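Just the structure for this:
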Amino acid sequence: MKDPAKKYARMFAKAMKKAGRSDYSELESAFYRRFRAHQQSEIYREYLAKYPSIGVEKVYIGITFAQVLMQRGCSLDEALELWETRMIAGKRRVLERFIRLIDRLGMGYDTVGKWLDRDKQARDRDGSILYSQYHYNNRELEYKIHTCMYVELFEHYGIRRFCKAFCNNDLCMCVLQKSAKFIRYSDRVDGDFCHDKLINLTRKERSHEI
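Okay, the predicted model is just below:
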């Protein structure tokens, strides 16, 4: 079986090399050791068992990324910027290109709305995210989240703000212009709620109202 810790450590080192860090080999070793330690921790195993929808392994890539860089003098904000610009920027560009394509085809609201609704169903099954409001019909999808296990996990390690690395993934939906519009009013990192709305700009009548 392949060791995911080695895979993620190599990804980290590659990103740090692109960022111009000469110590990328040392950083790779540090990442590997810390990620392996996390895998053996009680809280890692607890989250893995209780909250399958959050992708615990991937979340710990972010946690380890922040911890290793902060241990070597980066601020939390600097680490977050490196994550955004060096670690996952390419993947986000690919997703944004796909969303722009479905938007041009007039399928943005239907496609993204279904993504968000399926995600909500998965969160309901394991309780990883708790909603105080959820509304989805043929005109708009809107929700407010009051409890989020992503935020609580980052808070556990004293790096709550770094949860933005995962919250900001949703902002790819902001590239919608023709068929839908995505609005983020607030997120759970900075406030009491994550409050998002997706608006159907085509206003097509559908029968899938929930």
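
What's the per-residue pLDDT of Ile183 here?
Looking at Ile183, its pLDDT reads 98.

Across the sheet, point out what pairs with it.
Ile183 has these beta-bridge partners by DSSP bridges: Lys197.

For it, list the residues it contacts.
By CB atoms under 8 Å, 6 or more residues apart in numbering, the contact set of Ile183 is 196-199. C-beta: built from backbone N, CA, C; applies to glycine.

which residue is nearest the middle of this protein?
Note on the chain: the residue nearest the mean C-alpha position is Phe166, at 2.5 Å, using CA atoms, centre = their mean.

Helix or strand: which one has it?
Per DSSP states H and E, Phe166 falls inside helix 164-167.

Name the residues that touch that helix?
With contacts defined as CB under 8 Å, 6+ apart, helix 164-167 is touched by 59, 62, 66, 80, 83-84, 88, 150, 187-189, 194.

Just the buried ones among these, please.
59, 62, 66, 80, 83, 88, 150, 187-189, 194 (16 or more other CB atoms under 10 Å).

wait, which of these is closest to Glu140?
Of all the buried ones among the contacts of helix 164-167, Glu140 sits closest to Cys194, with 16.5 Å by CB to CB.

The closest one reaches Asp187, doesn't it?
Yes. Checked against CB atoms under 8 Å, the pair Cys194 and Asp187 is within contact range at 4.9 Å.

average pLDDT for the longest helix seen in the chain?
The residue-count maximum for a helix in the chain (DSSP state H) belongs to helix 108-126. Across helix 108-126, pLDDT averages out at 98.

ok so, going back, for the contacts of Ile183, please prepare a markdown table with the additional fields neighbour count.
Below are those laid out as a markdown table (neighbours: other CB atoms under 10 Å):
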| residue | neighbour count |
| --- | --- |
| Asp196 | 20 |
| Lys197 | 15 |
| Leu198 | 21 |
| Ile199 | 16 |
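
What ranges in the chain fall below the confidence cut-off?
For the chain, residues meeting the criterion pLDDT under 70 lie at 1, 204-210.
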